[in-house]
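# Requesting a structural model of the entry that follows:
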Amino acid sequence: MKPIDRQILHIALPAILSNITVPLLGLVDVAIVGHLGATAYIGAIAVGGMMFNLIYWIFGFLRMGTTGLTSQAYGANSQEETRLWLQRSLSIALGIALLLILLQAPICCIAFSLIHPTSEVQSLATTYFHICIWGAPAMLGLYSLTGWFIGMQNSKIPMWIAICQNVVNIVASLCLVYLCGMKVEGVALGTLIAQYAGFGMGVVLLFKQYGKQCGNLLHLGKSVWAKAALMRFFQVNRDIFLRTLCLVAVTLFFTSSGASQGEVILAVNTLLMQLFTLYSYIMDGFAFAGEALSGRYLGEGNRTGLQQTIRHLFGWGGIVTLLFTLLYIIGGEGFLGLLTNEQSVIAASAEYFPWAIAIPVAGMAAFVWDGIYIGCTYTRGMLLSMLCAATAYFLLYFLLKNDLGNHALWLAFISYLLIRGIVQTLLSRRL
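Numbers count the residues shown, from 1 in each chain. Got it, this is the predicted structure:
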């Protein structure tokens, strides 16, 4: 195996393990309340979890932007600059978190005006929200820490943090619910405890491994707030933020359009999208490797290393895509049977299953280029490709929905993935 492949796998494999643990936090909460004897508890956790997923998804630029800027400073062998990017990112993350806490009441009201849950679910979800919102400093702080660790070519620490969070969440939630007699509030407190346990572990490992470099992390001198550096930070993260809004719009519209076609189509689309989610967990690991390595080689001024990284990332992306395509062709329908025993839904999914099989081929380039673009902080290219893809997505759907129905939605989604990759490939010459 070539050195570049070892470097890619050194970052990608721990990142993949971290990604796989992400949904476990939500699954554990649902599993616990699912045994409390009322469906409203499940609904409350689902609604509350969705609210926080959306909030934290929007602020994902704190992770991505920090990775790109840090990896370039790492490649330039500037220890001071890597520390400064961490200080800037953490400061801004904590500022946003405090703002979320202060605005928790209006945020909660706006969310419920969009979701329209039943009164009982809304009451329980409100309790869940007002407890978990206090975890915003830990969660957004972890975004900054995770981005910085990956920029430093270290994805093992984020992996151990994710494992720690899951273990603490399981133990704390079970104890609070079954030993202390709490219900939704116990699950919320368990999640909150796990979030701060993960953040605390991240800080401890930061000082343990990078103590000399980050010893004066709390000293926010003038260099932290240098105008040129802050302008660059906000420019990079502004593009990622706007790109994420487009991503959220596409995802939410996909769900709402499926819901408007009835319960069966909504269930079919939800199940088939799990195949996209599963593929994305793996490809995101290689995207993280792209972020770390492309930023590093750009910081070094190593054009050959950057080109080699791009070629090998696409090679690994091709292997993963081939394996997933074959897996979905051979066992995809059996996988759906594991997710539901509703035969009407499984039968209805057969008509749309070819679209799910096309997901890996359509999405591979977009995943790989996203990682490379973030590492090179060419976030404007990411935003442009997303705008083109999202525009095509909505145009295709509204032009074809009357003739094709749900097939129009899937055609629009597959085209959206393809166009992102195609536009990024055309823009890649600017790298």
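# could you point out which element follows the worst-scoring helix or strand of the chain on mean pLDDT?
Lowest by mean pLDDT, DSSP states H and E among the helices and strands of the chain is helix 343-349, with a mean of 74. For helix 343-349, the following helix or strand on the C-terminal side (DSSP states H and E) is helix 353-357.
# contacts for that following helix?
272, 275-276, 325, 328-329, 332-333, 407, 410-411, 413-414 (C-beta atoms under 8 Å, 6 or more residues apart in numbering). C-betas here are computed from N, CA, C, even on glycine.
# Need these in CSV (columns: pLDDT and distance to Y378).
Output for the contacts of helix 353-357, formatted as CSV (pLDDT from 0 to 100; distance: C-beta to C-beta, whole Å):
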residue, pLDDT, distance to Y378
L272, 83, 32
L275, 84, 30
F276, 88, 25
T325, 93, 29
Y328, 88, 32
I329, 88, 35
G332, 69, 35
E333, 69, 40
H407, 91, 35
W410, 94, 30
L411, 94, 29
F413, 95, 25
I414, 96, 25
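# Filter those residues down to the buried ones and hand me the ChimeraX line.
Selecting only the buried entries of the contacts of helix 353-357 in ChimeraX, with 16 or more other C-beta atoms under 10 Å as the criterion:
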select :272,275,276,325,328,332,410,411,413,414
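# Just the contacts of helix 353-357: which are in helices?
272, 275-276, 325, 328-329, 332-333, 407, 410-411, 413-414 (DSSP state H).
# okay, the residues you listed in TSV with distance to A292 next?
Shown next, in TSV, are these (distance: C-beta to C-beta, whole Å):
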residue	distance to A292
L272	32
L275	27
F276	24
T325	27
Y328	29
I329	33
G332	32
E333	37
H407	39
W410	33
L411	35
F413	29
I414	29
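# Which members of these are the farthest-apart pair?
E333 and L411 (20.7 Å; C-beta to C-beta).
# which one is D284 nearest to, not counting chain neighbours?
N19 (5.3 Å; C-beta to C-beta, 6 or more residues apart in numbering).
# So what's the residue count around the one you found?
When neighbours are defined as other C-beta atoms under 10 Å, N19 has 20 of them.
# can you check L417 too?
Neighbour count for L417, taken as other C-beta under 10 Å: 23.
# Quick check: it touching D370?
No: checked against C-beta atoms under 8 Å, the pair L417 and D370 is beyond contact range at 11.4 Å.
# May I have stretch 424-431 exported as PDB, CA atoms only?
The C-alpha trace of stretch 424-431 is given here as PDB (Å, rounded to 0.1, in the frame of the first residue of the first chain):
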ATOM      1  CA  GLN A 424     -17.200  21.000  -8.600                       C
ATOM      2  CA  THR A 425     -15.100  19.000 -11.100                       C
ATOM      3  CA  LEU A 426     -15.400  21.900 -13.600                       C
ATOM      4  CA  LEU A 427     -14.400  24.400 -10.900                       C
ATOM      5  CA  SER A 428     -11.500  22.300  -9.600                       C
ATOM      6  CA  ARG A 429      -9.100  23.800 -12.000                       C
ATOM      7  CA  ARG A 430      -9.100  26.900  -9.900                       C
ATOM      8  CA  LEU A 431      -7.600  24.900  -7.000                       C
END
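# Flag every buried residue along it.
424, 427-428, 431.
# can you redo the residues you listed as JSON lines with pLDDT, distance to L90 and secondary structure?
Compiled in JSON lines, the buried residues of stretch 424-431 are given as follows (pLDDT from 0 to 100; distance: C-beta to C-beta, whole Å; DSSP: H, G, I helix; E, B strand; the rest coil):
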{"residue": "Q424", "pLDDT": "96", "distance to L90": "30", "secondary structure": "helix"}
{"residue": "L427", "pLDDT": "94", "distance to L90": "31", "secondary structure": "helix"}
{"residue": "S428", "pLDDT": "91", "distance to L90": "32", "secondary structure": "helix"}
{"residue": "L431", "pLDDT": "72", "distance to L90": "28", "secondary structure": "coil"}
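# Buried residues of stretch 192-210, list them for me.
So, applying 16+ other C-beta under 10 Å, buried residues of stretch 192-210: 192-199, 201-203, 205-206, 210.
# tell me which of those is nearest to S280?
G198 (21.7 Å).
# Spatially, what comes nearest to the closest one if we skip its sequence neighbours?
Using C-beta to C-beta, 6+ apart, the nearest residue to G198 is Q165, at 4.0 Å.
# ok, back up a step: pick out whichever of the contacts of helix 353-357 sits closest to I161.
When these are compared against I161 (criterion: C-beta to C-beta), the nearest one is F276, at 25.6 Å.
# show me the contacts for L272.
So L272 contacts 336, 349, 352-353, 355-356 (C-beta under 8 Å, 6+ apart).
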